[in-house]
Every structure is written in structure tokens, then in C-alpha cells.
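> Quick one: sequence and predicted model below, then my questions.
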Amino acid sequence: MNNERLAKLGHLMEKFGLEGMALNPGPTLIYLTGLHFHLMERPTVLLVSHTGSSAMVLPVLEKGKLPPESETFKAFPFGDDPATWSAVFEQAGDWINLQSGQIGVDPTRLRFLELSFLESALPGVRFVDASQALAALRMQKEPEEISRMKKAAQIAQTGLLEMLKTLGRGMTEKQIANELIVQLLKAGSDSEMPFAPIVALGENSANPHAVPTDRELRSGDLLLVDWGAAFDGYFSDITRTFTFGEVDPELIEIGNIVLQANQAAQNVGKPGITAGAIDRAARAVIDGAGYGAAFTHRTGHGLGMEAHEPPYIYSENGLILAPGMTFTIEPGIYLPGRGGVRIEDDVVITETGLESLTDMPRRVMPIEGFIA
């Protein structure tokens, strides 16, 4: 258990009017406790009171992961018979004395399975969205967290460069993606990566969230790769775009525009400005070049123990950026049926400005320059 982080959570619960928090396996539970559990058919829930006490309901087979019980922490294990589980949740609720008021949950994580047991065990409680409190808990990264993210970025870049050496005409998007995963693991990535790599060739690169197919690499293609690595539980998320052979001049031109938009967004980044200002800086470049309608997503999203987390970088977001906030900057232009370019970097707000955690060249580059 990380006592400093649990104390910070307690202060945030008081600020947001929460008597407690219910967390199931995921990044926030790991952040607070260092404990890793799988989401499965058996429920696992950490109940935390704003007073600092906590109770863990979990399968008995997982109890060996827990620290010793203390005055403020108690485990409530259960066996394989689902008929006994409700009583264990009730015992945990009684012990932690969460019988009324509001208990916060992560709406993107807590499942119906856990919520059903909680509502049955704690009928006097109202379960509410705790997104704001959880964002405030994890959004400003500690130096060690940023160090891990830098390492994840270095691993990702090394893996991509090794993958590019293997490319050749006729390779499919699936084959390229699989080779990239192999190289990321060889470079030192955790096995649990932030997401499956996006590898998009030619016309498929106009789909921002393309899924690799059997489309083969051929002359005249753009190759868009959106990938990341993980180091000690922290993620990177990068996108670079390449050419193969002679490419449509307009696709080269939109690459130059996206590069300018990426740089414009990075240039305005500093503490005290809004998240929306980052988006507007990138969007102004693309709008000014006449491609505004082809930039179909926000400029970025937060990054850390999740591939997508606060802060979110869209024009209307008035959140004030502060040192330690980490996020992506990833403008793009997509021409349906022809191709698209996205250039994505991972950045952190510092005391005086913005630092990029990724340093691989950003311009659209020919694959031929990397093939071994």
C-alpha cells in the first residue's frame, strides 16, 4: 500500500464529497497499492474510506498477493461458491463502516458484476462517478513515473527502427504489425503493451484507427504506424508515417502540414495554459492550409498507466495544464480512399514549458532509408 497516495485520495474524497471509493482491478488500484489482479469471473474490489481505512474483497486464491493486515487494512477472501460472495461484501462494508453517503467509482472500469454485489451489500449508499477525483489523483505524474514513460518511449522507438529494417514489397499489414510486436519485446517492453499496433498501408492510412489486414505493401504507399511500448507499467504512444516508392505529391504536402501542426502545438505548451489551447494551435495550422475538415479527431489524450487517460486535448477543454501532466500531441490529415498522415509525440508539462519524451524524427520519411 502506498500511504502517501492513499492519503492524497482521502483528501480528494473529502473535496468531492465522497465517503469512500470502490475500485476493481486496473491502473488506479495498482497506483494505490502496487497490487496486480486480473478482471475475471470472480469479483475483486478495494473499498477505501475517506478516513483512510480500506478493505479488499477478493478470491481466496489471490490472498497471497496482499500485504499483512493492519489496523487500517483488512482482507475479506471468498471461496468458489458464488452463493457466499454477497455475505463477504456485507462483512467488508460493515468493517469499513460505509453505510451511507456517496461512494465513488471509476465509470470506465467498474463492471455490473462488482456493482451488483456492492449495491446489495450497501443499500444505504449511492454510487457515483468519481472521474474528477481519480483524474486529480493521477494526472500530475511524479518524477519516477515520467522516467518510466521516457524509457517506454525509447523502447518503442528502438523496436520500430528494428522492424523497419525487415520491410519489403509484398509484406502485409498483419505481418508488419507482428514483426513490430516481436521487436518491441526484444527491445525490453513489458508483455502487456498499451494497445495492438496500428499498421495502415496506402488508402487504409486514411482510417485513424485502422486494424491491420492482409493489404500488401506496394510502391506509392504511405505506411502509417501507431504503436507503443510499456516499461514497468507505464506506456508510450507514438505515430510516424513513411513513404514507399513514389507517392502522390499531395500526400507529401499534407505530411508537411501535419508536421507544422505538431510543432505549433508543442511550441505553445507550458503550465498555466488550457488543454484546449494545445488543440487550437494544431488545428489553426491545418485549418489555415484548407484541410480542417480532414482533421477528424482531438489533438491528443493523457498518457501514463493507461493509453488514454486525462487530460484530453480538445479545443473546448478549459483544464489548466500543470507540471507533471503527460499527454500526446497527434494532429492528422486523412483523405478517404487515398491516404492519411498522423505525427504523434508524447510530452510532459514542465515548470517552464513542455518537454517531448519522444525524439524520433517526425517528418514523413522514405522506408527505403531504413531497410537493412
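Yes, it's here. Residues are numbered from 1 along each chain as shown.
> List the contacts of the closest residue to residue 188 other than its chain neighbours.
Once flanking residues are discounted, residue 188 sits nearest to residue 155: 4.9 Å by C-beta to C-beta, 6 or more residues apart in numbering. All C-beta spots, glycine's among them, are computed from the backbone N, C-alpha and C. Contacts of residue 155 were listed using C-beta atoms under 8 Å, 6 or more residues apart in numbering, and they are 184, 187, 188, 189, 229, 231, 236.
> I'd like to know which of these are buried.
Among the contacts of residue 155, those scoring as buried are 184, 187, 189, 229, 231, 236 (criterion: 16 or more other C-beta atoms under 10 Å).
> List just the nearest of those residues to residue 142.
Among these, residue 231 lies closest to residue 142 (C-beta to C-beta), at 15.0 Å.
> Surely the closest one is in contact with residue 148?
Yes: if you go by C-beta atoms under 8 Å, residue 231 and residue 148 touch, sitting 5.2 Å apart.
> on that earlier part again, out of the contacts of residue 155, which are inside helices?
184, 187 (DSSP state H).
> which of the contacts of residue 155 lies closest to residue 29?
residue 231 (19.6 Å).
> residues in contact with the closest one?
In this structure, residue 231 makes contact with 148, 149, 151, 152, 155, 188, 189, 190, judged by C-beta under 8 Å, 6+ apart.
> 10 Å - rerun?
147-156, 188-190 (C-beta atoms under 10 Å, 6 or more residues apart in numbering).
> Pick out the residue nearest the middle of the protein.
residue 307 (1.6 Å; C-alpha atoms, centre = their mean).
> okay if I get the buried ones among the contacts of residue 155 as CSV plus distance to residue 215?
Listed next are these as CSV, based on distance: C-beta to C-beta, whole Å:
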residue, distance to residue 215
184, 22
187, 26
189, 25
229, 24
231, 31
236, 26
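> State the helix or strand in which the closest residue to residue 54 other than its chain neighbours lies.
What sits nearest to residue 54 in space, not counting adjacent residues and going by C-beta to C-beta, 6+ apart, is residue 48, at 4.6 Å. Secondary structure assignment for residue 48, by DSSP states H and E: strand 45-49.
> who does that strand pair up with?
Applying DSSP bridges, strand 45-49 is found paired with strand 20-23 (antiparallel), strand 54-59 (antiparallel).
> Mind checking the pLDDT average for the last one?
Taken as a whole, strand 54-59 carries a mean pLDDT of 96.
> quick one: which of the contacts of residue 231 is nearest to residue 265?
Nearest to residue 265 among the contacts of residue 231, with distances taken as C-beta to C-beta, is residue 153, at 17.4 Å.
> show me where the chain has helices.
So, for the chain - with DSSP H - the helices run 3-15, 27-33, 85-96, 112-121, 131-138, 143-164, 173-187, 249-268, 275-288.
> name the helices or strands packed onto the shortest one?
Translated: helix 27-33. Counting contacts by 3 or more C-beta pairs under 10 Å, 6 or more residues apart in numbering; DSSP states H and E, the secondary-structure elements packed against helix 27-33 are helix 3-15, strand 20-23, strand 45-49, strand 54-59, helix 131-138.
> Make a markdown table from those and add distance to residue 115 to it.
Output for these, formatted as a markdown table (distance: least, C-beta to C-beta, whole Å):
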| stretch | distance to residue 115 |
| --- | --- |
| helix 3-15 | 19 |
| strand 20-23 | 8 |
| strand 45-49 | 9 |
| strand 54-59 | 13 |
| helix 131-138 | 16 |
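> I'd like the ones you listed laid out as a markdown table, including mean neighbour count and distance to residue 245.
As requested, the helices and strands packed on helix 27-33 are arranged in a markdown table below (neighbours: other C-beta atoms under 10 Å; distance: least, C-beta to C-beta, whole Å):
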| stretch | mean neighbour count | distance to residue 245 |
| --- | --- | --- |
| helix 3-15 | 16 | 52 |
| strand 20-23 | 26 | 51 |
| strand 45-49 | 24 | 54 |
| strand 54-59 | 24 | 55 |
| helix 131-138 | 19 | 44 |
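> circling back: which one of the strands paired with strand 45-49 lies closest to residue 291?
Here strand 20-23 is closest among these (C-beta to C-beta), at 42.5 Å.
> can you pull the pLDDT of the closest residue to residue 233 other than its chain neighbours?
Closest residue to residue 233 apart from its sequence neighbours, by C-beta to C-beta, 6+ apart: residue 305 at 5.8 Å. Here the pLDDT value assigned to residue 305 is 98.
> ok, now which ones touch residue 305?
26-28, 30-31, 138, 141, 145, 148-149, 194, 230, 233-235.
> Residue 216 against residue 169, yeah?
Yes: Residue 216 is within contact range of residue 169, at 7.7 Å (criterion: C-beta atoms under 10 Å).
> So these two - more neighbours on which side?
Comparing residue 216 with residue 169 by other C-beta atoms under 10 Å, the one with more neighbours is residue 216, at 14 against 11.
> Tell me the bridge partners for that one.
When assigned by DSSP bridges, residue 216 has beta-bridge partners residue 172.
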